[in-house]
Every structure is written in structure tokens, then in C-alpha cells.
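K.L.:
okay, predicted coordinates and the sequence, questions at the end:
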Amino acid sequence: MLDILEQPNAGDAEVGRIDHLHTLLSTRQARVGIVGMGYVGMPLALAAWTAGFEVLGFDVDDEKVRKLNAGVSYLVHITSETVAKAVSAGRLAATTDFSQAASMDVIVICVPTPLTANREPDLTFVERTCEALSAHVRRDQLIVLESTTWPGTTSEIVRTILERSRLTCGTDFFLGFSPEREDPGNCDFGTQRIPKVVGADDPSSRRLIKAFYDQVVERTIPVSSSRTAEAVKLTENIFRAVNIALMNELKVVYSALGIDVWEVISAASTKPFGYMPFYPGPGLGGHCIPIDPFYLTWKAREHEISTRFIELAGEINTAMPHYVVEKLADAFDRRTGRGLRDARILLVGMSYKKNVDDIRESASLKLMRILDGRGAQTHYFDPYIPVIPRTREYPELSDRKSVKWKRSILSSFDVALVATDHDSVDYAELCRSVPLIVDTRNACERHGVTAGNVIKA
């Protein structure tokens, strides 16, 4: 374990400046700027505000800034009451003016890191943010990257751009990486309760980044470098992606053998050691698990290393929506003797996970596209997604609206495909109203509904 009390090797004047910034951080007098007020940035802003810091959020989205300054939340798992309380207290605000970054003592970068159409890392948002900050970075600032990325981004990309300011990292300003670990909709683990990994490439930066997060979260875990911290985040999500792929593959095999994979997982979970349950589904969704593993596969190719496990897991998970549609088509044919053309299908759940309004990388989008391509009349219901927003990959699905949850409307569908297991859905009414239910999440059974018209897929 690192010696978290290691002191910087610097002259007296520099040590004095570092100690001053450390004091601002440890006494919560530092001004905190957070770039990117989305699913990561807003919870962090509220956590920093709760800790006693003055917080200014930066975003290029005028509407987000307007709502936040009005005390209105645009994330379903964060209430407007919470935002309004912070804003009215006078220590939380938002702006699109990046020149105000110069007045911040800490700047945390929480912007998206998607993949390109060729499934390669797209650091456009990180690079543009750093370019905007480089014009305003000043001496004695701590800058932290939280966006998930490949090992080396902080030192090779972020540092290089920021040093265009003619200031030197580790001497003039300080830089580190701390991977975000947000889990939207998780009521048990909010930002403050999730342990925070912190890494930097020089002792001064490491000491300062730890001092900041020590005030915000219950526990920090310092590691030796920014690369190590970046690798921690990738490892966490690759672990999940590979194990979900294993369960998806077992689902296919066990289904062919007439075995219920959900019953198998439930029984296996009773073993008190050596087993951790993961669950199959219609495909991966969210900003992390479908994307993050490919940041490492891309970086590994640079070193002529093949990441076979990761790439195989990606193939299995990517194939799941097609498997689900085939299961649906087969069940519908057996029940009606018809193909999917003109079949009325209700997709239950558009968000990538239950009880959130996040549609990023949702498997439901791919399911809808595949069903549309088969000639089905596809509609959806989701209490958290009233309208499908425009997405880069599925522009043709934009602006479709959720149907109303009414018995008369439900009964007009031939099949309901449960893709997201929202707790607020009345699965008993769904089973009574629609003649065939294809359940990819075991949602009906988990909500105490057993019906002969439910097929697990």
C-alpha cells in the first residue's frame, strides 16, 4: 500500500504552495469546478456541496445549465428538491463560461468517453474540455479526470494538452485520475458511500487528490499512478462484461437442454463462497459495460496483444438481441402460426437498466430496430422514457413515444417483450392483457407472477 503521507520533493516555497492548497482542500474552503453535469458530474457536485464545498458546474448544454440554476433536476434518480436545496443555499451553480475555471481550486472532468463507429476510443469530449481549460488553467490548481478511458490517457493526453498553458504538471498545477463508480438508481450506494480510487504520477498530485476526495467520500484508496487508477475502472467493468457474457452463453445452452438458467443461478447463489451471481439479459447497456472493455482491447493492440476473453465476451453480448428476437419469433409462430410481419409487439422498457431514465447503449434500441426490420409493428412502454431521444446510432427511432399503460391498449398487442425490469410495471396485468409475454429479465417470476403465457428468453 502506498504511503499516503509521502511528502513532495520540492523547495520550501513550492512546498508552502502545496501545503496551502492541501489546507484549502482538507478544510473544504476550496472552490470546486465540475465539467460535465450528467450522470456522473451532477451526483459528484451534490456530494461535494454536501461536504461543504462551493461548487460550480460547467457544461456546454445551455438547457442543463438553465435547469440546474433554477433548481430543477433532469435526472430521474435525483430529485428537484435536492437540487433546489443546494442552489438556494448559494454554494451550487452552473455555467457555460469556461473562463470561470480560472477561479476554481479543483477542476474535475466528468465528460463522456464513447466509442467511434469502428469501436475505437473517442476522446473528443475529453480533448475539447482540456483544450478549453488550457486557456484558463493557473498555478496551484488540482485537475482530476474521472471519465473512463485507456491507461495512459491522463499522462499522455490530458497532461500534454494542459501543459500548452506553459505550466508544468506536478510543479505549477497538479493532475490525477479517479474513476467514477456511479450506479444510477442504486439506493444503497450513493456517491459518498462508494470507495474512491485515486491515482497520480507525482507525490504532490497524489497527496492533493486524496485530500479532496477524503472530504467527499467515506473512503479513498490511493494507487501508485494515474495508469493504475485508469486500469482499475476498466478491470471492474471487464469483469462484469465477461461474467454477463458467460451467463448469456449458459442461458442459450441451458435453454436448449430444457433448463431454466434463472433457477440455476438462484440455486448456485446459495453457495457461501467461490461464487458470485451475474444475470443474463437481452444485451448490454449503459455507458460503461458495453464500451469500457474496448478501450483496453484498443490499447492492447498497440502492444500487439490479443485480448481474446474480452473480445469473445463482446461477441456473445452483442449477439443477445438477435437471440431474443429469434426466441420471440419461434414462440409467436408456435402460438399463432404466423411470422413477425405486422405482429403488434410491445417492448416493455427502453432504458438500459431498471428504474432509471438512461437510454445510453440500451439493448432495447437494438431490439426495436431488429423487430422493425422483421416487419413488426413495434411500440414501447417505459415510465422513465416518455420519448426516445435522438441517438447517434439509432436516429430512425427518435421521437417515438411511450404508449399509455391502459388495459385497452395493452390488449391490442400480440406480444410483450420485457427488456427492462422496472419495478413500477404491473406484470400481473401485463400477463392478463397480452396473450404472449417474452421475458428476458425473469421479471414476471421475480414479481410473483406465474403464468402459462410467459416465455423466458
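P.N.:
Okay, I see it.
K.L.:
return the distance of residue 97 relative to residue 140.
P.N.:
21 Å (CB to CB, to the nearest Å). The C-beta positions use only the backbone N, C-alpha and C, and glycine is treated the same way.
K.L.:
err, residue 43, not the other one
P.N.:
Counting by CB to CB, the separation of residue 43 from residue 140 is 27 Å.
K.L.:
of those two, who's got more company?
P.N.:
A direct count of neighbours by other CB atoms under 10 Å for residue 43 and residue 140 places residue 43 higher, at 24 against 16.
K.L.:
next helix or strand past the host helix or strand of that one?
P.N.:
Assigned by DSSP states H and E, residue 43 falls within helix 41-51. As assigned by DSSP H and E, the chain's next helix or strand after helix 41-51 is strand 54-58.
K.L.:
state the phi and psi torsions of residue 127.
P.N.:
phi -60, psi -40 (degrees, to the nearest 10).
K.L.:
hmm, I typed the wrong one, I wanted residue 265.
P.N.:
phi -60, psi -40.
K.L.:
what is the burial count for it?
P.N.:
Residue 265 has 19 nearby residues by other CB under 10 Å.
K.L.:
nearest spatial neighbour of it, chain-adjacent residues omitted?
P.N.:
Computed as CB to CB, 6 or more residues apart in numbering, the closest residue to residue 265 that is not its neighbour in sequence is residue 277, at 5.4 Å.
K.L.:
so which elements touch the helix holding residue 43?
P.N.:
Packing partners of helix 41-51 (3 or more CB pairs under 8 Å, 6 or more residues apart in numbering; DSSP states H and E): strand 31-35, strand 54-58, helix 80-88, strand 92-95, helix 203-216.
K.L.:
how about TSV for these, with mean pLDDT and distance to residue 179 added?
P.N.:
TSV is the format used below for the helices and strands packed on helix 41-51 (pLDDT from 0 to 100; distance: least, CB to CB, whole Å):
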stretch	mean pLDDT	distance to residue 179
strand 31-35	98	15
strand 54-58	98	20
helix 80-88	95	24
strand 92-95	97	24
helix 203-216	97	11
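K.L.:
could I get those as a markdown table with distance to residue 153 and mean neighbour count?
P.N.:
Below are these laid out as a markdown table (distance: least, CB to CB, whole Å; neighbours: other CB atoms under 10 Å):
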| stretch | distance to residue 153 | mean neighbour count |
| --- | --- | --- |
| strand 31-35 | 15 | 25 |
| strand 54-58 | 20 | 23 |
| helix 80-88 | 30 | 16 |
| strand 92-95 | 26 | 20 |
| helix 203-216 | 15 | 24 |
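K.L.:
in the stretch 251-400 of the chain, which spans are helices?
P.N.:
Ranges of helices in the stretch 251-400 of the chain, per DSSP state H, counting those that start in this stretch, are 261-268, 292-302, 308-336, 363-373.
K.L.:
show residues contacting the helix holding residue 43.
P.N.:
The contact list for helix 41-51 (CB atoms under 8 Å, 6 or more residues apart in numbering) reads 28, 32, 34-35, 37, 55, 57, 59, 68, 73, 75, 78, 82-83, 86, 89, 91-92, 108, 110, 146, 180, 182, 190-192, 215-217.
K.L.:
what's the angle from it to strand 31-35?
P.N.:
Using axes from the mean of the first three to the mean of the last three CA atoms, to 10 degrees, the inter-axis angle of helix 41-51 relative to strand 31-35 is 170 degrees.
K.L.:
quote the end-to-end distance of stretch 168-186.
P.N.:
In terms of CA to CA, to the nearest Å, the two terminal residues of stretch 168-186 are separated by 40 Å.
K.L.:
and it, what's buried?
P.N.:
For stretch 168-186, burial by neighbour count (16 or more other CB atoms under 10 Å) applies to 169-185.
K.L.:
distance between that stretch and the chain's centre?
P.N.:
Offset of stretch 168-186 from its chain centre (CA atoms, centre = their mean, to the nearest Å): 16 Å.
K.L.:
tell me the mean pLDDT for that stretch?
P.N.:
Averaging pLDDT along stretch 168-186 yields 92.
K.L.:
what segments of the stretch 1-150 of the chain are helices?
P.N.:
Using DSSP H, counting those that start in this stretch, helices in the stretch 1-150 of the chain cover 12-26, 41-51, 62-69, 80-88, 124-134.
K.L.:
now those as a markdown table including distance to residue 284?
P.N.:
Formatted as a markdown table, those follow (distance: least, CB to CB, whole Å):
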| stretch | distance to residue 284 |
| --- | --- |
| helix 12-26 | 37 |
| helix 41-51 | 22 |
| helix 62-69 | 26 |
| helix 80-88 | 30 |
| helix 124-134 | 21 |
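K.L.:
and those, which one averages the lowest pLDDT?
P.N.:
Lowest mean pLDDT within the helices of the stretch 1-150 of the chain: helix 12-26, at a mean of 88.
K.L.:
which residues are in contact with that one?
P.N.:
Residues from elsewhere that reach helix 12-26 (CB under 8 Å, 6+ apart): 7-8, 10, 29-30, 105-106, 139-140, 142, 171, 174, 204, 207-208, 211-212, 214-215.
K.L.:
centroid residue for this protein?
P.N.:
residue 287 (4.1 Å; CA atoms, centre = their mean).
K.L.:
that older thread, between the helices of the stretch 1-150 of the chain, which gets nearest to residue 281?
P.N.:
helix 41-51 (24.5 Å; CB to CB).
K.L.:
just how off-centre is that closest one within its chain?
P.N.:
Worked out by CA atoms, centre = their mean, helix 41-51 lies 17 Å from the chain centre.
K.L.:
before we move on, what about stretch 254-263?
P.N.:
Remark: stretch 254-263 is offset 30 Å from the chain centroid, using CA atoms, centre = their mean.
K.L.:
residue 159 versus the residue nearest to residue 116 when sequence neighbours are not counted, what's the distance?
P.N.:
Leaving aside its chain neighbours, residue 116 sits nearest to residue 122 (4.8 Å; criterion: CB to CB, 6+ apart). According to CB to CB, residue 122 and residue 159 sit 19 Å apart.
K.L.:
which of those two has more residues huddled nearby?
P.N.:
Using other CB under 10 Å, the more surrounded residue of residue 122 and residue 159 is residue 159, with 20 against 17.
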